[in-house]
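Chemist: kindly return the folded structure for what I paste below:
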Amino acid sequence: MRWPAVPLREIAPPKASTQPFPDSFVWHLSLEQIEGDTGAVLAKNYDYSGNVGSSTFYFDTGNVLYSKLRPYLNKVVVPDEPGIATTELIPLRPDPKVLNPRYLAFYLRSPNFVKQASHHVAGTKMPRVVMDWFWKHKIPLPPLSEQKRIVEILDEADRIRRSRREANQKAERIIPALFLKMFGDPVSNPKGWPTKLFADIFRDTTAGNKKLQSKQFLEFGRIAVVDQGQSQIAGYTDDVALAYKGTFPVIVFGDHTRIFKFVDHPFVLGADGVRVLITKPRYNPLFAYWHCQLLNMPIAGYSRHFKFLKEKFFICPDKGLQDRFANFASIVTSQISVFENAADRVERLFSVMLDRAFSG
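Modeler: Got it, this is the predicted structure:
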């Protein structure tokens, strides 16, 4: 049976909460608090309602909040309490008579919708979804009983996916713990290692390399695409002429996201805020990568962060110690990759389930 398709505006119009919070201590939701792909809230910041800026709105548990900024980051939240949010989020209000809020959230996170939304953007530096397209977009609308069944299946699949991620994260904590044991906190430097500035350790090799727009990413291809998103590999392309021209390994830094990635294989740069760094002689690149992971980087929203990285000092232990740490990290990383391969299979299965769930 084919389900009817209904424009978003008809069943989930933009409607913020009409319940203000005068002088209340409330949740202030920003994009940085939202995990891409899952919609998990990474942290909750609370403040008095009078301290918010003008570009905000009130929301409640009847809303589904969708980020119109950089839709490929895939940030959708079903709030569990009222609060105040940035206007980069759209306050959809699904009609409870016809639309389950969690069904809507899963649909907005589905790979097919994310791909479509990423094609319908305006702006280069700060791409946002074209709202006229968004509100006219038609969502498949099965009966509420079927929506509930789909949500239950996807919730269970999502639980398995999260468990797999948590297992990976526990394994990944081994390497930072070893770094801290061998070298101490690189920020406070309690062991008194000599230090150098960023410019003495790294060379920025980004310039001169071509970048690929997110709408051009393929699910499979001849060469991986690395961008500033959370996934190590954002997609693929068959255009090997776009490959990064420098030496390996490299550290890829997300200028907006503050995410570091260690890359030791051919790749294409994803567009929008990617920096590619190599280490200078006498500094082990894998040691440098984990050093970067432990830096206390300030959060400047979706502004550029590379300027802050360039101001950092880096500890300089003996090269032999750096190499010892890097050898151990390589062994642990190879084991983690086994877990990640399993996790990737779970992620791909979940993506397929998301798309098929809304096919009618």
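
Chemist: how far does stretch 198-216 sit from the chain's center?
Modeler: Once both centres are worked out by Cα atoms, centre = their mean, to the nearest Å, stretch 198-216 turns out to sit 19 Å from its chain's centre.

Chemist: mind giving me the packing neighbours of the helix or strand harbouring Ala288?
Modeler: In the assignment (DSSP states H and E), Ala288 maps to helix 285-293. On a contact count with 3 or more Cβ pairs under 8 Å, 6 or more residues apart in numbering; DSSP states H and E, helix 285-293 meets helix 174-183, strand 250-254, strand 260-263, strand 274-279, strand 313-315, helix 319-357. Where C-beta positions appear, they are placed from N, C-alpha and C, glycine not excepted.

Chemist: which among these is found nearest to Arg203?
Modeler: Closest to Arg203 of the helices and strands packed on helix 285-293, according to Cβ to Cβ: strand 274-279, at 5.4 Å.

Chemist: right, and Val276 touches Leu269 too?
Modeler: Yes. Val276 sits in contact with Leu269 when judged by Cβ atoms under 8 Å, with a separation of 6.8 Å.

Chemist: what is in contact with these two at once?
Modeler: Thr206, Asn209, Tyr244, Val252 (Cβ atoms under 8 Å, 6 or more residues apart in numbering).

Chemist: and those residues, which two are the farthest apart?
Modeler: Asn209 and Val252 (11.3 Å).

Chemist: out of those two, which sits in the more crowded spot?
Modeler: Set side by side, Asn209 and Val252 show more neighbours around Val252, with 23 against 15, by other Cβ atoms under 10 Å.

Chemist: run the angle between the helix holding Ala288 and helix 174-183 for me.
Modeler: 90 degrees (axes from the mean of the first three to the mean of the last three Cα atoms, to 10 degrees).

Chemist: average pLDDT for the helix or strand following helix 285-293?
Modeler: Using DSSP H and E, the next helix or strand after helix 285-293 towards the C-terminus is helix 306-309. Averaging pLDDT along helix 306-309 yields 94.

Chemist: got a list of contacts for helix 306-309?
Modeler: By Cβ under 8 Å, 6+ apart, helix 306-309 touches Phe198, Phe253, Asp255, Arg275, Cys292, Leu295, Met297, Pro298, Ala300.

Chemist: and that helix, which residues are buried?
Modeler: Phe306, Phe308, Leu309 (16 or more other Cβ atoms under 10 Å).

Chemist: then stretch 247-258?
Modeler: Val250, Ile251, Val252, Phe253, Gly254, Asp255, His256, Thr257, Arg258.

Chemist: tell me how far the fifth one lies from Leu309.
Modeler: Looking back up the chat, that one is Gly254. Going from Gly254 to Leu309 by Cβ to Cβ, to the nearest Å gives 11 Å.

Chemist: now swap in the second one and tell me
Modeler: Distance, Ile251 to Leu309, using Cβ to Cβ: 10 Å.

Chemist: Gln213: neighbouring residues, count only.
Modeler: 15.

Chemist: just list the residues touching it, thanks.
Modeler: Ala271.

Chemist: hang on, the earlier thing: which one of the buried residues of helix 306-309 is nearest to Tyr58?
Modeler: Phe308 (32.3 Å).

Chemist: distance of the residue nearest to Lys211 when sequence neighbours are not counted from Gly229?
Modeler: Once flanking residues are discounted, Lys211 sits nearest to Ala271: 4.1 Å by Cβ to Cβ, 6 or more residues apart in numbering. According to Cβ to Cβ, Ala271 stands 12 Å off from Gly229.

Chemist: now swap in Leu144 and tell me
Modeler: 34 Å.

Chemist: relative to Val41, how far out is Ile34?
Modeler: Distance from Ile34 to Val41, by Cβ to Cβ: 6 Å.

Chemist: who touches both of those two?
Modeler: Common contacts of Ile34 and Val41 (Cβ under 8 Å, 6+ apart): Val77.

Chemist: which one of those two has more residues nearby?
Modeler: A direct count of neighbours by other Cβ under 10 Å for Ile34 and Val41 places Ile34 higher, at 21 against 15.

Chemist: what packs against the helix or strand Arg159 falls within?
Modeler: Using DSSP H and E, Arg159 sits in helix 144-172. Contact partners of helix 144-172 among helices and strands, from 3+ Cβ pairs under 8 Å, 6+ apart: helix 101-109, helix 319-357.

Chemist: want to throw the ones you listed into CSV with distance to Ile223?
Modeler: Shown next, in CSV, are those (distance: least, Cβ to Cβ, whole Å):
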stretch, distance to Ile223
helix 101-109, 27
helix 319-357, 17
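
Chemist: want to try TSV for the ones you listed, with mean pLDDT, distance to Phe262 and mean neighbour count as columns?
Modeler: Output for the helices and strands packed on helix 144-172, formatted as TSV (pLDDT from 0 to 100; distance: least, Cβ to Cβ, whole Å; neighbours: other Cβ atoms under 10 Å):
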stretch	mean pLDDT	distance to Phe262	mean neighbour count
helix 101-109	96	28	23
helix 319-357	78	8	15
